[in-house]
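Peer 1: return a 3D structure for these sequence lines:
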Amino acid sequence: MDTTYLAKILSQVSSHEVSVEEALGQLKNLPYEDIGYANIDQHRNLRTGQAEVIFGQGKTPAQIAGIVEHMKKNNSRILITRADREDYEAVFGTAPEAAYHELARIITVGEKPEPVQTKGPIAVVTAGTSDIPVAEEAALTAEFFGNRVDRVFDVGVAGIHRLFDKMDRILQADVVIVIAGMEGALASVVGGLVSVPVIAVPTSVGYGASFGGLAALLSMLNSCANGIGVVNIDNGYGAACLASKIHIGR
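Peer 2: This next block holds a predicted model:
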């Protein structure tokens, strides 16, 4: 629920435009709205500063569209992760303003907020081009929460001169998200070069012995560089949520 929605109701009660009973009726879905197959947490934005996000994987297109329809009552912006084009077509039927970001597998409803200009960006850095889908999930999520993002792609340690060539941009960031598969070494290298928090995202990119990202995860967890936090394999969304809380407190 947008905080402006609650403020509007309180203002209407104060000016006697809306009765207390009518206001209670509008607020009846707090703290959540039960629609049968989902309990929509309309109150999450007020509690945490980050609105509920729809995880599309495992849901039917009709379920996703139904959740969006109910969330739109109280939310001007909605994010759906791990969605495919069939999900988007269903959402578009109830939210024509929706946009599908195919590489990131994200659906956005509503315009991105203006980023906080007084702060440096969140740098989203990938080891390889194959890591970009996870990076785009992180970047779009961070932008959805009002952050400025600088994308720095394909600067892995196999050609470390590429990283050094981009360090001027990375050093301007307030938080760095490093996304890497294979052995996940990039997070340690970046962590040893910057003074800001580094959030490492292991990806499932790699040959058989990478075990679907487990090798990168263990490398990142065992990093000898200080100030590195690690999220789950392929979890660009989770990395962006954490980066946003560090960056602007939401």
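Peer 1: list the contacts of V176.
Peer 2: By CB atoms under 8 Å, 6 or more residues apart in numbering, the contact set of V176 is 122-123, 125, 170, 190, 194, 196-199. (Glycine included, C-beta is placed from N, CA and C.)
Peer 1: most surrounded residue in the residues you listed?
Peer 2: Going through the contacts of V176 with other CB atoms under 10 Å as the criterion, the one with the most neighbours is I122, at 30 neighbours.
Peer 1: state the distance from that one to H70.
Peer 2: Shown here: I122 relative to H70, a distance of 30 Å by CB to CB, to the nearest Å.
Peer 1: most centrally placed residue in this protein?
Peer 2: The central residue of the chain, meaning the one whose C-alpha is nearest the mean C-alpha position (CA atoms, centre = their mean), is T141 at 2.8 Å.
Peer 1: so how far is L79 from that residue?
Peer 2: Counting by CB to CB, the gap from T141 to L79 is 7 Å.
Peer 1: overlap in contacts of those two?
Peer 2: Listed as contacting both T141 and L79 by CB under 8 Å, 6+ apart are 53, 106.
Peer 1: tell me which helix or strand in this structure has the weakest average pLDDT.
Peer 2: helix 44-48 (a mean of 66; mean pLDDT, DSSP states H and E).
Peer 1: which element follows that helix toward the C-terminus?
Peer 2: Using DSSP states H and E, the helix or strand that directly follows helix 44-48 along the chain is strand 54-55.
Peer 1: quick check: next helix or strand after that following strand?
Peer 2: According to DSSP H and E, the helix or strand after strand 54-55 is helix 61-71.
Peer 1: only C-alpha atoms, please: export that next one in CSV.
Peer 2: What follows is helix 61-71, C-alpha atoms only, in CSV (Å, rounded to 0.1, in the frame of the first residue of the first chain):
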residue,chain,number,x,y,z
PRO,A,61,-1.1,-16.4,-15.5
ALA,A,62,-4.6,-16.1,-14.2
GLN,A,63,-3.5,-16.1,-10.6
ILE,A,64,-0.8,-13.4,-11.3
ALA,A,65,-3.3,-11.2,-13.1
GLY,A,66,-5.8,-11.6,-10.3
ILE,A,67,-3.3,-10.6,-7.7
VAL,A,68,-2.3,-7.6,-9.8
GLU,A,69,-5.9,-6.5,-10.1
HIS,A,70,-6.4,-6.5,-6.3
MET,A,71,-3.0,-4.9,-5.6
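Peer 1: and whichever helix or strand comes after it, what does it pack against?
Peer 2: Per DSSP H and E, the first helix or strand lying C-terminal to helix 61-71 is strand 78-81. With contacts defined as 3 or more CB pairs under 8 Å, 6 or more residues apart in numbering; DSSP states H and E, strand 78-81 has these neighbours: strand 54-55, helix 61-71, strand 106-109, helix 132-144.
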